[in-house]
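**Q** Build me a model from this:
(one chain, ligands or ions: 1)
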Amino acid sequence: MDTTTTDTSTFTIPQSPPGSFWFPSASSSVAPEVDSLFHMILWISVFFFILIVAVMTYFVWKYRRRDGVAAEHTSHHNTTLEVTWSVIPSLILVIIFYRGFTGYIDIRTPPPDAYEIQVIAQKWSWSFKYPNGYIDPELHLPVNTPVRFRLESRDVIHSFFVPSFRVKMDCVPGRYTHAWVNATQVGDYVLFCAEYCGTRHSDMLANVYVHESGEFEKWLEKASNFLERMTPEEGGRELYRRRGCIQCHSIDGTAKQGPSFAGTYGTEQPMADGSKVLMDDNYIRESILNPNAKVHAGFRPVMPSFQGQLKEPEIDALIAFIKSLKK
Ligand code: CUA
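**A** Predicted structure coming up:
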């Protein structure tokens, strides 16, 4: 995933802790309980599987047909046996239900004072909006701090899934859903989209960085004002990477989901309706805010609008960046 990586030189994060044979590392407050219940169900299943197959095999052998031996008359039922095989499994199910239900309540209920991050899913990238309004394509979290996510989708159903946190929740267009996590181990993790959402679903990943306490605030402070520290061209290049343009638009002339930006500024471009449009500041701006107004010939109108997601200085920086690209 080099496509949308942030400049990691501003912070250092250790690799994510190793997992077990069954699972990736258990790095959130709810993960140990999820794993423990999984193992309990697994080993109960293994125990009864072996017990039932062994008894069945023994009976098949013991009561096999033999010459000269007539079939025995057997009793119709045995109350002790029947009560035993009803009550024991019922108790086991009650325990599994109790642990599953209380665990579910824990996973669904964030502490009231949780830090909030907005998660925006769209084909085929993730954006994370921090309380100060800064948007990043990677998820940064402080360690040992409850963080609540408000999830939304700009187009189809996506699913927010971080295996190491044992957290998964759908992002549904037209409504908000929620998830929360208290990350317990510093490290870098992967966030997957776990709902098939189209051609590039399998590329819809994001890095998750869990920072030491105190480091998260420093990272946010520094990341938030990157535009002020750069020229418009550099800032535009950074936005091109961070805001997901790079997923569909190359800068080396190759066509991806959308046309390449290389050497296009100031030239006439063919449109799907047969007309020609001059690729200038206004066309770039219009294509960012209302992408389907004039669609480039040879491409499908699949780009989402960035209306309300990019601020004016960011649009200016993107224009400056595209302008700077030579053939
Ligand atoms: Cu988004 Cu799959």
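**Q** Within range of the ligand, give me the residues from the stretch 51-200 of the chain.
**A** 121, 124, 158, 193, 195-197 (Cβ under 6 Å from any ligand atom). C-beta coordinates here come from the backbone N, C-alpha and C atoms, glycine included.
**Q** redo that, cut-off 8 Å
**A** By the rule Cβ under 8 Å from any ligand atom, the part of the stretch 51-200 of the chain lying against the ligand is 121, 123-124, 156-159, 171, 193-198.
**Q** ChimeraX command for the buried members of those?
**A** A single ChimeraX command selects the buried members of those (16 or more other Cβ atoms under 10 Å):
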select :121,123,124,156,158,159,171,193,194,195,197
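**Q** taking the residues of the stretch 51-200 of the chain next to the ligand one by one, which sit in helices?
**A** Judged by DSSP state H, the subset of those located in helices is empty.
**Q** quick one: which two of the residues of the stretch 51-200 of the chain next to the ligand are the most distant?
**A** Spanning the widest gap among those are 123 and 194, at 14.8 Å by Cβ to Cβ.
**Q** Show the average pLDDT along stretch 130-139.
**A** On average, the pLDDT along stretch 130-139 is 88.
**Q** Would you mark the buried spots in that stretch?
**A** Counting neighbours by 16+ other Cβ under 10 Å, one finds that the buried residues in stretch 130-139 are 130, 135-139.
**Q** quick one: which of those residues is nearest the ligand?
**A** Comparing those against the ligand with Cβ to the nearest ligand atom places residue 137 closest, at 13.8 Å.
**Q** From residue 86, how far off is the closest one?
**A** Distance of residue 137 to residue 86, given as Cβ to Cβ, to the nearest Å: 54 Å.
**Q** got it, and residue 138?
**A** Look at residue 138 and residue 86: by Cβ to Cβ, they are 53 Å apart.
**Q** same deal with residue 76?
**A** 17 Å.
**Q** cool, and residue 164?
**A** Here residue 164 is placed at a distance of 40 Å from residue 86 (Cβ to Cβ).
**Q** for residue 140, same thing?
**A** Separation of residue 140 from residue 86 (Cβ to Cβ): 52 Å.
**Q** When these two are compared, which one has more neighbours?
**A** With neighbours defined as other Cβ atoms under 10 Å, residue 140 and residue 86 compare such that residue 140 has more, 22 against 10.
**Q** which residue packs closest to that one, ignoring adjacent ones?
**A** Using Cβ to Cβ, 6 or more residues apart in numbering and skipping the chain neighbours, the partner closest in space to residue 140 is residue 209 (4.9 Å).
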